[in-house]
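Chemist: Show me how the following folds:
(one chain, ligands or ions: 1)
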Amino acid sequence: MIKALLWDVDGTLAETERDGHRVAFNHAFEALGVPWRWSEQHYGELLAVAGGRERFLHDMSRRAEAPRDARQREALAETVHRLKNQIYEGIVRRGELPLRAGVAELLSECYRAHLPMGIVTTTSRGNVEALLEWHLDSHWEGHFATIVSANEAPRKKPDPQVYRLALEALRLRPHEAVAIEDAPAGIEAARRAGVSVIVTHSHYFPVCAAVGAFAFGPSLGRSEGWHPRADPRATRITLDQIMRWYTGATKNAPRRSKRQSPGNRAARRA
Ligand code: XBP
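Modeler: A predicted model of the protein is given here:
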């Protein structure tokens, strides 16, 4: 029985990386006289590093023209990141980052069904606030039983901290929650916390290795292309479909002790 649905943000709720964070970083670079720009492809490579500030520090560590002094690099990363987040908020509030297909429908279906939902993200709290306030309303927090961002969980994905904090806040055991993720770091974070995962492929992770996921597919907004197969009569992935997948995965699993979740089993197998 699923008692909560935990949502990743970037790449899962919306395609925020390519059209949001990357674009905002480039504007911040320009405004601050930083001499480089991130292409779509280069940003995709940088996504191996979680956290915008950490990503920028990582990029600087490989550039000859970056400041040599570590403290100067830290200070520059701080300034760029702060401005990037302000610019990102502007992009969101201009309506340039739509929710991905099927997300709004599943959010309101869970809300109407009184299924607790959580936000589990490595992005800063302000970015989540901007995105969800724009797409839901000023009472967006009321849709979620817990919101855990980088502000509350500084150890970023693939560290499982963000998931552990969400489970703690919801007073749930790992096997009672299901996560929706798009990227390898997020999948790993959920699995390390023992939470089972559904994977929706995103722009930067179109064929993301969904090891341990009990379902994966292209979008919550369509029923084709999912593994296991989704009900072909449905036009999107519904809560009922998720429940059926989860029950199927639990039923087909080898016998296990009460404390182990499908997520734990998958992690052991991997
Ligand atoms: C995505 C991230 C974040 C964003 C940028 O997190 O790794 O770092 O790219 O946000 P998730 P910040 O997939 O868990 O939502 O600049 O605030 O770090």
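Chemist: which of the residues in the helix of greatest length in the chain are buried?
Modeler: Ranked by residue count, the top helix of the chain under DSSP state H comes out as helix 70-93. For helix 70-93, a neighbour-count test (16 or more other Cβ atoms under 10 Å) marks 73, 76-77, 80-81, 83-85, 87-89, 91-92 as buried. Quick note: C-beta positions are derived from backbone N, CA and C, even for glycine.
Chemist: Give me every residue in the stretch 51-200 of the chain lying close to the ligand.
Modeler: Taking Cβ under 6 Å from any ligand atom as the measure of proximity, the stretch 51-200 of the chain contacts the ligand at Gly51, Gly52, His81, Thr121, Thr122, Thr123, Ser124, Asn127, Ala150, Lys157, Ala183, Gly186.
Chemist: among those residues, who's most crowded?
Modeler: Gly186 (29 neighbours; other Cβ atoms under 10 Å).
Chemist: Quick check: phi and psi on that one?
Modeler: phi -70, psi -40 (degrees, to the nearest 10).
Chemist: That one reaches Lys157, doesn't it?
Modeler: Yes. Counting by Cβ atoms under 8 Å, Gly186 does reach Lys157; the two are 5.2 Å apart.
Chemist: Now the two most distant members of the buried residues of helix 70-93.
Modeler: Farthest pair in those (Cβ to Cβ) is Arg73 and Val92. Separation: 27.8 Å.
Chemist: Turn the buried residues of helix 70-93 into TSV, columns for distance to Phe216 and pLDDT.
Modeler: What follows is the buried residues of helix 70-93, written out as TSV (distance: Cβ to Cβ, whole Å; pLDDT from 0 to 100):
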residue	distance to Phe216	pLDDT
Arg73	38	96
Leu76	38	97
Ala77	34	97
Val80	34	98
His81	32	97
Leu83	36	98
Lys84	30	98
Asn85	30	98
Ile87	33	98
Tyr88	28	98
Glu89	31	97
Ile91	29	98
Val92	27	98
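Chemist: so what's the residue of the chain found nearest the ligand scoring on pLDDT?
Modeler: Taking Cβ to the nearest ligand atom as the measure, the chain has Gly52 as its residue closest to the ligand, at 2.2 Å. You'll see Gly52 listed with a pLDDT of 97.
Chemist: Also Ala270?
Modeler: pLDDT at Ala270 comes out at 30.
Chemist: Next: Arg191.
Modeler: Arg191 is given a pLDDT of 95.
Chemist: Same question for Arg256.
Modeler: Arg256 is given a pLDDT of 48.
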